[in-house]
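Peer 1: predicted model follows, preceded by the sequence.
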Amino acid sequence: MSSIISGRGILYKATIVGYLMLLLVFVLFMTAKYAATSNDVLPGSGLGYLSEIEVDFQLNSTELSDEVIEKGKALSSQKGRDIVIVIDAGHGGKDPGAVGPNGALEKDICLAIARKLAALLEKESGFKPIMVRDGDRFISIIDRLKFALKNKADMVVSIHADAFKVKGVHGSSVIYHPRNKLERTQHIGQLVLKELGKINRLHSHGVKKQAITVLAARKIPSIMIEAGFISNASEAKKLVTKSYQNKMAHSIFVGIRKHFYSQPPQGAWVANMSERIRHKLNSHGETLKTTHLLELPVHF
Ligand SMILES: [Zn+2]
């Protein structure tokens, strides 16, 4: 009898030890999980959840490790949807657009800048670029518009280069459709124009209104960028260079990014991230100022 009791006692103790072991494993697992998700957060190109040390490192460096980019990308799919940016490279195929005095074709410049912009957004967590055309082909304006609607774009950015009979006319512009009454459209337009003003002279200091069909989606913020005047010899020369195309793409990217961090759409990964920045600032006794969201460092 007593041996049975002590046998049961051993069994009982073994069960308790078993439970304790399980509890320990659970606690260790949760600690690891918490540690992995409670790190400080910085939005940037491909930046996911980073420790404070990593943040300092990222703030002071211009390069991102592949590991960080992958981490950011993995997390971006878990924590809300991507913001869809439809990039419309103007003209294409049988429609060359304007032709520069140097023989440059507008359609090629549009595509080059569009590809560079798509590459920047592709690297950035929380954004999904979709190109209307990624090759030299003709697409009707109506089909471009339908494409944006079909892909449920959060915004459309159409890229062109201007031309005018007076050869001296120059400068970059941002245009929106006068009937597009979305506050977002104007805000994105102003932010992008401001960035463009840092790399080129502006043709017009305000966002221009023009009834352009590709910008006519009623519920989609839509802007057109005129990268510069291809009819102006010195601008045409710049427009064909990779370095200028990179600068142009980067300015558009920064403007778009600033807008979506300051006014993130509900359910977007960027909204989640923006909220975490607010929390972080609060925990440091700071309140959120627009500059916190607008002046975040950008890596590319
Ligand atoms: Zn054009």
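Peer 2: On my side now, so go ahead.
Peer 1: pLDDT weak spots in the stretch 51-200 of the chain?
Peer 2: 51-78 (pLDDT under 70).
Peer 1: make it 90
Peer 2: The stretch 51-200 of the chain contains residues with pLDDT under 90 at 51-80, 125, 163-168, 170, 179, 199-200.
Peer 1: please name the bridge partners of the closest residue to the ion within the chain.
Peer 2: Closest residue of the chain to the ion, C-beta to the ion: residue 160 (3.5 Å). C-betas here are computed from N, CA, C, even on glycine. Counting by DSSP bridges, residue 160 forms beta bridges with residue 226.
Peer 1: now residue 92
Peer 2: With beta bridges defined as DSSP bridges, residue 92 has these partners: residue 95.
Peer 1: OK, contacts around it?
Peer 2: 107, 110, 111, 133, 135, 136, 137, 138, 139 (C-beta atoms under 8 Å, 6 or more residues apart in numbering).
Peer 1: go again using 7 Å as the cut-off
Peer 2: By C-beta atoms under 7 Å, 6 or more residues apart in numbering, the contact list for residue 92 reads 107, 133, 136, 137, 138, 139.
Peer 1: now the fourth one: closest residue in space that isn't a chain neighbour?
Peer 2: The shortest distance from residue 137 to any residue that is not its chain neighbour, by C-beta to C-beta, 6 or more residues apart in numbering, is 4.5 Å, and that residue is residue 93.
Peer 1: same question for the last one.
Peer 2: If the residues on either side of it in the chain are set aside, residue 139 comes closest to residue 133, at 5.5 Å by C-beta to C-beta, 6+ apart.
Peer 1: isn't that neighbour up against residue 91?
Peer 2: No. In terms of C-beta atoms under 7 Å, residue 133 does not count as a neighbour of residue 91; the distance is 9.1 Å.
Peer 1: coming back round to it: for the residue nearest to residue 139, give me its contacts.
Peer 2: 89, 92, 139.
Peer 1: intersect those residues with the contacts of the ion.
Peer 2: Residues of the contacts of residue 133 in contact with the ion (C-beta under 5 Å from the ion): none.
Peer 1: redo the residues you listed as CSV? Include distance to residue 205.
Peer 2: Formatted as CSV, those follow (distance: C-beta to C-beta, whole Å):
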residue, distance to residue 205
89, 26
92, 30
139, 32
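Peer 1: return the closest of those with respect to residue 246.
Peer 2: The shortest gap between residue 246 and any of the contacts of residue 133 belongs to residue 89, at 15.6 Å (C-beta to C-beta).
Peer 1: now do the closest one against residue 154, distance only.
Peer 2: As judged by C-beta to C-beta, to the nearest Å, residue 89 and residue 154 stand 18 Å apart.
Peer 1: more neighbours: the two, which one.
Peer 2: Shown here are residue 89 and residue 154; by other C-beta atoms under 10 Å, residue 89 has more neighbours (30 against 22).
Peer 1: and the nearest residue to the more buried one once chain neighbours are set aside, helix, strand or coil?
Peer 2: In this structure, residue 89 finds its nearest non-sequential neighbour in residue 114, 3.7 Å apart by C-beta to C-beta, 6+ apart. Following DSSP: H, G, I helix; E, B strand; the rest coil, residue 114 is assigned to helix.
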